[in-house]
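**Student:** Sharing a model prediction with you, sequence too.
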Amino acid sequence: MRKEKVNFKIERAKEEDLEELAKVYLEGYRGLEEYSYTHPEDVRAYMRWLWRRDPEGIFVAKVDGRIVGFVAGDANWFSKREHKKVGAIHEIVILPEYQGIGIGHALMEKILDYFRSKGLHIAELWVGDENHRAIEFYRNFGFREKGQYNYWVRMTLDLNGSKA
């Protein structure tokens, strides 16, 4: 199925966006609930936690002024496995009807550029082991699998261009 071109804008999130981000999160994780918070209050608390971790590292995608996706990164994350600070991607969520048209790609480019601007050399994320679509998306960016814990797969990317 070919999707029509949609104009979207990527911008830094504002604190007042957190409630809308919670709604996008809940909708975006439909069908993948085993990897997500499912209670709205838990999701709102998680959004506040993400904001406290790194408010500069949350970017939203908007179509006609409406938030349709977001990425939440953290340039202050200390990786126990890398033994240093890395850029952690905690979330990248796109509403289902806006997937497959480049929004996720644009959000990922934005967060990786943000990490580079902070002088970080490695990006890290964890993804559900059965979330094959997301794993393939990350592989296409050059992320490589670096282990697994329970049903979470750890993936890293060398932000300087070589394989992490």
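**Tutor:** That came through, no problem.
**Student:** for the top strand by length along the chain, packing partners?
**Tutor:** With DSSP state E setting the assignment, residue counts place strand 66-79 as the longest strand in the chain. Using 3 or more CB pairs under 8 Å, 6 or more residues apart in numbering; DSSP states H and E, the elements in contact with strand 66-79 are helix 18-28, helix 40-53, strand 58-63, strand 84-94, helix 103-117, strand 122-128. To be clear about C-beta, it is placed using only N, CA and C from the backbone, and glycine gets the same treatment.
**Student:** pLDDT score assigned to the residue nearest in space to the middle of the chain?
**Tutor:** The residue lying closest to the centre of the chain (CA atoms, centre = their mean) is Ile92, at 2.4 Å. Here, the pLDDT recorded for Ile92 equals 98.
**Student:** and what of Gly100?
**Tutor:** Model confidence at Gly100 (pLDDT) stands at 92.
**Student:** Make sure it is indeed in a strand.
**Tutor:** No: counting by DSSP: H, G, I helix; E, B strand; the rest coil, Gly100 is not part of a strand but coil.
**Student:** circling back to that earlier point, switch the helices and strands packed on strand 66-79 over to a markdown table; also include distance to Asp158.
**Tutor:** Formatted as a markdown table, the helices and strands packed on strand 66-79 follow (distance: least, CB to CB, whole Å):
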| stretch | distance to Asp158 |
| --- | --- |
| helix 18-28 | 28 |
| helix 40-53 | 23 |
| strand 58-63 | 22 |
| strand 84-94 | 11 |
| helix 103-117 | 11 |
| strand 122-128 | 6 |
